[in-house]
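[1] Show me how the following folds:
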Amino acid sequence: MTSTDNTIERAPHAGASLFMAARGLTTFIEATHDLTCDHDLDGTILAVNAAAALNLGVAADRLCGMNLRDVLSEEARAILPHYLETIRREGRAEGLMTVRTADGLTRVWQYENSKVTVAGRNAIVRGLARDVTDREEALNALRASERQLRCIIENVSDAIGIVDTAGRLQFHSPSTEHLLGYRSHELAGRRLTDLVHEEDVHRANEFFEEQSSPDAPVRTIDFRIRHCDGSWRWFSVVTRPVVRSGETVSIVINARDITDRMLLEAQLEQANRVNSLGRLAATVAHEFNNVLMGIQPFADLMQRPGVTPEMVVQGARHIANSIARGKRVTLDILRFTNPARPTLDPIDVAEWWRQLAPLMQASIGDKYVLASSFSGPLIMLADAAQLSQVFANLISNARDAMPGGGTLHISARLGRPGETFAFGVVPNAERFVHFTVEDSGTGMSAKVLQHAFEPLFTTKRNGGTGLGLAVAHQAVGSHAGHIFVQSTVGVGSTFHIFIPAAEAVAAVPPAGAPVETGLHCQRILIVDDERMIGEGLAELLREHGVTVRVASTGRGALESCSDFTPELAIVDIRLPDINGLEVARRLRELVPGVKILFASGHGASEAAGVQDSRTKFIQKPFEMNELMAEIEAFA
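    Next up is the predicted model:
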């Protein structure tokens, strides 16, 4: 009894505890944001919490008695039998299901359902779910983005790669293997610059070092990369650094194969070079035909019996003029094809022009007025000789543009801070001396103006090399300056030249003048494969009391030293048997003190690096006073 009485007494207490626990569980289930649902093994809904009802938009009492298929999406209904079979067989199931809300929207639930047995009832399924619609949509968007990105990377024609800060490949697109022929394992972890051509690798290393900076701008570089078959492919490479926490962790590379483009450009350049060579040959042939025709009639006239001294003098003067014209043609060509590096010195503009103006006035004649105006003291950083040639070309063109005579005005001033110009861009104009060369001639049409500085382009009917303005443009550029032209048909043309300004003044070398002096060298060897040149120079030098020996080959020059010891050798650089530089070296072995004067029509660059106090260079064709000055310069 006691036992029984105790049982009876404890029963109300135990029942109350069970009731309180059930009530607490119900309160928890109702309050949770998770979705709960009980259904039987056929899918009939037995109970749902408020969160599940709210998610579906259907009242909880309406949901009870409905079947799962009534709230599932069409796709989920198709797998409902499989789900129920899994529950019956294994007692649990988990995964994703899509449900249809009352307003027709689809939601995604992630569920974990288990079969449980409740006292006095058949087995039921108790489910716990969470609405993961937003997460799944984000994942689906991410997967779609990844598929698109993968599709792009796998099908793009450019090579895409990622290298670490040491330049090793961390990733490369399949197109990289196709473009270079390597397999994936041959590229993985390899330094990209190991595949770069040795002539380009220094530039490439500097480029990637710069691009490893976190604030490096997007840049492009072209270089050659070795194909697996040993050939070289040109690539245009664009890079961007990947920065994390302020530090570059890798570099993204996009490389485009431009080999075909480079080959086409090379072919086009070759074609242009050949075309330009043809035009140059035609120009030179035209000019020298005129030179020869200027010489031919007077040479014939001077050889006729009974020719008077006056006719000889007149013929000689015309022949000299023709030679001067031929010299101008060759010098224009040499200046353009082999420009000399300017020797920059601070030069007083007014003093420089004071010395140059008389020579320019003499070159254009009395029909032309050469006026000038300079604003204030001006000092420029320039090569006086080269700049004089620039102005000589511009003034010569201006003269030709005014066949009936006219005024040519030269002005100069210092640029102003922030100054802009309608004809072109000149950064920091205040750092330049601004020259203008203005004529009152025929002017140039817009079409001609476009080609004004183009090599071999000329509109002169009486012949012109088409190199004068090209040489001027080249020389001004080598001074880090700028040159522009404005022109109006029937009004005239104005050239604008900007030469860097300087602060201090250097002495301006005086303009060249004929040298009249005695020669200190009394024994001279002339080595030239053109016998007429050698004999002509020899006769002129003999008039000055010089003993001269002439040789037409390098070997002949060396052999002549067996019985002739020259003080000076005038050596043509291009000889038929031995190069003139080698001839000079061997002459010095035979006659250690001999002075060498190289003479060539190909430009001073041929003798570059060998000129010293005992070695000089003179450009063919030269006048006798030029030769005498160079000879005396050795004294």
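
[2] How is the protein divided into domains?
    21-132, 156-257, 272-337, 345-500, 523-632 (automatic domain parsing).

[3] Spell out the residue ranges of the strands in the stretch 301-450 of the chain.
    According to DSSP state E, counting those that start in this stretch, the stretch 301-450 of the chain carries its strands in the segments 345-348, 368-374, 379-382, 406-414, 432-439.

[4] what's the third one in contact with?
    Which is strand 379-382. The contact list for strand 379-382 (CB atoms under 8 Å, 6 or more residues apart in numbering) reads 342, 344-349, 352, 387, 433, 479, 499-505. Placement of C-beta: from N, CA and C, glycine included.

[5] Got a quick PyMOL command for the buried subset of those?
    To isolate the buried members of the contacts of strand 379-382 in PyMOL, using 16 or more other CB atoms under 10 Å:
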select buried, resi 342+344+345+346+347+348+349+352+387+433+479+499+501+502
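
[6] Can you name the next helix or strand after the worst-scoring helix or strand of the chain on mean pLDDT?
    Using mean pLDDT, DSSP states H and E, helix 2-31 stands out as the lowest-scoring helix or strand of the chain, at a mean of 43. Counting by DSSP states H and E, the next helix or strand C-terminal to helix 2-31 is strand 35-39.

[7] That next one: which residues count as buried?
    Buried residues in strand 35-39, counting neighbours by 16+ other CB under 10 Å, are found at 35, 36, 37, 38, 39.

[8] so the last one sits right up against residue 123, yeah?
    No. With the criterion set as CB atoms under 8 Å, residue 39 and residue 123 do not qualify as a contacting pair; they are 11.2 Å apart.

[9] Residue 250 touches residue 170, doesn't it?
    Yes. Using CB under 8 Å, residue 250 makes contact with residue 170 at a distance of 6.3 Å.

[10] okay, and the common contacts of the two?
    Common neighbours of residue 250 and residue 170 (CB under 8 Å, 6+ apart) are 162, 163, 164.

[11] And the buried ones among these, selectable in ChimeraX?
    Applying 16+ other CB under 10 Å to the shared contacts of residue 250 and residue 170, the buried members can be selected in ChimeraX as follows:
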select :162,163,164
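
[12] I'd like to know which of the shared contacts of residue 250 and residue 170 is nearest to residue 524.
    residue 163 (66.1 Å; CB to CB).

[13] List the pairing partners of whichever strand or helix holds that closest one within its sheet, with orientation.
    Assigned by DSSP H and E, residue 163 belongs to strand 159-164. Note on strand 159-164: by DSSP bridges, its sheet partners are strand 169-172 (antiparallel), strand 247-257 (antiparallel).

[14] can I get these in a markdown table with distance to residue 396, mean neighbour count and mean pLDDT?
    Output for these, formatted as a markdown table (distance: least, CB to CB, whole Å; neighbours: other CB atoms under 10 Å; pLDDT from 0 to 100):
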| stretch | distance to residue 396 | mean neighbour count | mean pLDDT |
| --- | --- | --- | --- |
| strand 169-172 | 60 | 18 | 86 |
| strand 247-257 | 48 | 18 | 89 |
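
[15] Do a quick rundown of the helices in the stretch 201-350 of the chain.
    201-211, 259-302, 309-337, 349-364 (DSSP state H, counting those that start in this stretch).

[16] Mind putting these into CSV with distance to residue 156?
    Compiled in CSV, the helices of the stretch 201-350 of the chain are given as follows (distance: least, CB to CB, whole Å):
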stretch, distance to residue 156
helix 201-211, 21
helix 259-302, 17
helix 309-337, 44
helix 349-364, 58
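
[17] excluding its backbone neighbours, what's nearest the most centrally placed residue in the chain?
    Closest to where the C-alpha atoms of the chain average out (CA atoms, centre = their mean) is residue 221, at 8.1 Å. Nearest residue to residue 221, sequence neighbours excluded (CB to CB, 6 or more residues apart in numbering): residue 207, at 4.7 Å.

[18] Please report how far residue 539 lies from residue 228.
    69 Å (CB to CB, to the nearest Å).

[19] For these two, work out which one has more neighbours and name it.
    residue 228 (13 against 10; other CB atoms under 10 Å).

[20] In contact with the residue nearest to the more buried one when sequence neighbours are not counted, which residues?
    Computed as CB to CB, 6+ apart, the closest residue to residue 228 that is not its neighbour in sequence is residue 181, at 3.6 Å. If a contact means CB under 8 Å, 6+ apart, then residue 181 has 227, 228, 229 as its contacts.

[21] if we can go back for a sec, and the strand holding residue 163 with helix 201-211, angle?
    Interaxial angle, strand 159-164 versus helix 201-211 (axes from the mean of the first three to the mean of the last three CA atoms, to 10 degrees): 70 degrees.

[22] circling back: and of the buried residues of strand 35-39, the nearest to residue 490?
    residue 35 (91.6 Å).

[23] what's the burial count for residue 317?
    11.

[24] Can you show me the CA trace of the helix or strand encompassing residue 98 as PDB?
    Using DSSP H and E, residue 98 sits in strand 92-100. Extracted in PDB, the C-alpha atoms of strand 92-100 (Å, rounded to 0.1, in the frame of the first residue of the first chain):
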ATOM      1  CA  ARG A  92      15.700   9.500 -41.700                       C
ATOM      2  CA  ALA A  93      16.400  11.800 -44.800                       C
ATOM      3  CA  GLU A  94      18.000  15.100 -45.400                       C
ATOM      4  CA  GLY A  95      18.600  17.500 -48.300                       C
ATOM      5  CA  LEU A  96      16.900  20.300 -50.100                       C
ATOM      6  CA  MET A  97      13.300  20.600 -51.200                       C
ATOM      7  CA  THR A  98      11.500  23.400 -53.100                       C
ATOM      8  CA  VAL A  99       8.000  24.400 -51.900                       C
ATOM      9  CA  ARG A 100       5.400  26.600 -53.500                       C
END
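
[25] and it, what other elements does it pack with?
    Counting contacts by 3 or more CB pairs under 8 Å, 6 or more residues apart in numbering; DSSP states H and E, strand 92-100 packs against helix 74-90, strand 106-117.

[26] what residues does that strand touch?
    Contacts for strand 92-100 (CB under 8 Å, 6+ apart): 55-56, 71-73, 75-76, 83, 86-87, 106-115, 129, 132, 136.

[27] for it, the distance to its chain's centre please.
    In terms of CA atoms, centre = their mean, to the nearest Å, the centre of strand 92-100 is set 61 Å apart from its chain centre.

[28] okay, the strands paired with strand 159-164 in JSON lines with distance to residue 631 next?
    Formatted as JSON lines, those follow (distance: least, CB to CB, whole Å):
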{"stretch": "strand 169-172", "distance to residue 631": "66"}
{"stretch": "strand 247-257", "distance to residue 631": "60"}
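
[29] Out of the strands of the stretch 301-450 of the chain, the one nearest residue 176 is which?
    Closest among the strands of the stretch 301-450 of the chain, using CB to CB: strand 432-439, at 48.7 Å.

[30] which regions of the stretch 401-550 of the chain lie under the pLDDT threshold?
    Scanning the stretch 401-550 of the chain for pLDDT under 70 picks out the ranges 451, 454-467, 504-519.

[31] Which parts of the stretch 501-635 of the chain are strands?
    Under DSSP E, counting those that start in this stretch, the stretch 501-635 of the chain gives strands at 523-527, 547-551, 568-572, 595-600, 615-619.

[32] so what's the closest residue in space to residue 369 that isn't next to it in sequence up against?
    Leaving aside its sequence neighbours, residue 369 sits nearest to residue 407 (CB to CB, 6+ apart; 4.5 Å). Counting by CB under 8 Å, 6+ apart, residue 407 touches 368, 369, 371, 439, 440.

[33] where's residue 407 relative to residue 219, distance?
    51 Å.

[34] Now do the same for residue 45: its pLDDT.
    We have a pLDDT of 94 for residue 45.

[35] is it true that it lies in a strand?
    Yes. Counting by DSSP: H, G, I helix; E, B strand; the rest coil, residue 45 is part of a strand.
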